[in-house]
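Enquirer: predicted model follows, preceded by the sequence.
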Amino acid sequence: RLIGYENRALADEDFNNDKKDAGEIGVGHRVTALYELIPVGTAGQPTVDPLKYQKTEKNDPVSEKSDADTPDSETQYADELMTVKLRYKPLQTSESVLLSTAVKDNELALEGTGNDFRFAASVAGFGMLLSDSDHADGVTWPQILTLAKGAKGTDNEGYRAEFIRLVETAEILAEK
């Protein structure tokens, strides 16, 4: 689940359809996207492309192999957390190109991540609290403040300090 874009979700079957528009990123721009992983067995599992990390009766390329020596998905992808897929259209073209990469499990604790990642996580949590998101279970104002303050880093333009003040104000208003 792409955090912050719940109302702009693209249907699973539309990911591979070049005629459907989704979030566009301009040439030369960078974005930070935060995703919540959906645990196996819960609602919201994708149904278009074959599942890579779990077996299903309907859609499992791993179980279709008959070779007994072929590793199953649990051992074959044990060091992977997920596969990220992104489609883009090169300039002056109408067909998209698929990029796909596996994200390896490096067991990095939140405290070991960079300031930019932790600050982005605090912004996402703030947005979830403001919108009273069903997905903000357990997120608190003090957690958001602690995370943002600890990830302020170099703040030449003062935007991060301004964000921290906004969180402090929102916390006060939420208590009333």
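Expert: Okay, I see it.
Enquirer: from here on, contacts and neighbour counts on C-alpha atoms
Expert: Fine.
Enquirer: could you list the buried residues of the helix or strand containing Glu171?
Expert: According to DSSP states H and E, Glu171 maps onto helix 159-175. Of the residues in helix 159-175, 160-161, 163-164, 167-168, 171 count as buried by neighbour count, 16 or more other Cα atoms under 10 Å.
Enquirer: then stretch 107-114?
Expert: Buried, per 16+ other Cα under 10 Å, within stretch 107-114: nothing.
Enquirer: list the contacts of that stretch.
Expert: 118, 151 (Cα atoms under 8 Å, 6 or more residues apart in numbering).
Enquirer: care to break this protein down by domain?
Expert: Listed domain ranges for the chain are 1-38+76-107, 108-175 (source: the TED database).
Enquirer: can you redo these as CSV with distance to Pro50 and mean pLDDT?
Expert: Converted to CSV, the domains of the chain look like this (distance: least, Cα to Cα, whole Å; pLDDT from 0 to 100):
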stretch, distance to Pro50, mean pLDDT
domain 1-38+76-107, 12, 76
domain 108-175, 26, 92
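Enquirer: can you list those in CSV and add distance to Val48?
Expert: Shown next, in CSV, are these (distance: least, Cα to Cα, whole Å):
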stretch, distance to Val48
domain 1-38+76-107, 6
domain 108-175, 24
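Enquirer: hey, which of those is tucked in deepest?
Expert: Burial of those is given as mean neighbour count (mean count of other Cα atoms under 10 Å); domain 108-175 ranks first at a mean of 15.
Enquirer: span of that one from start to end?
Expert: With Cα to Cα, to the nearest Å applied, domain 108-175 spans 34 Å between its terminal residues.
Enquirer: distance from it to the middle of the chain?
Expert: In terms of Cα atoms, centre = their mean, to the nearest Å, the centre of domain 108-175 is found 17 Å from the chain centre.
Enquirer: list the contacts of the closest residue in space to Asp116 that isn't next to it in sequence.
Expert: Nearest residue to Asp116, sequence neighbours excluded (Cα to Cα, 6 or more residues apart in numbering): Ala151, at 6.9 Å. For Ala151, the contacting residues are 114-116, 118-119, by Cα under 8 Å, 6+ apart.
Enquirer: just the closest of the residues you listed to Ala78, please.
Expert: Taking Cα to Cα as the measure, Ala78 lies nearest Gly114 of the contacts of Ala151, at 25.1 Å.
Enquirer: sounds good, over and out.
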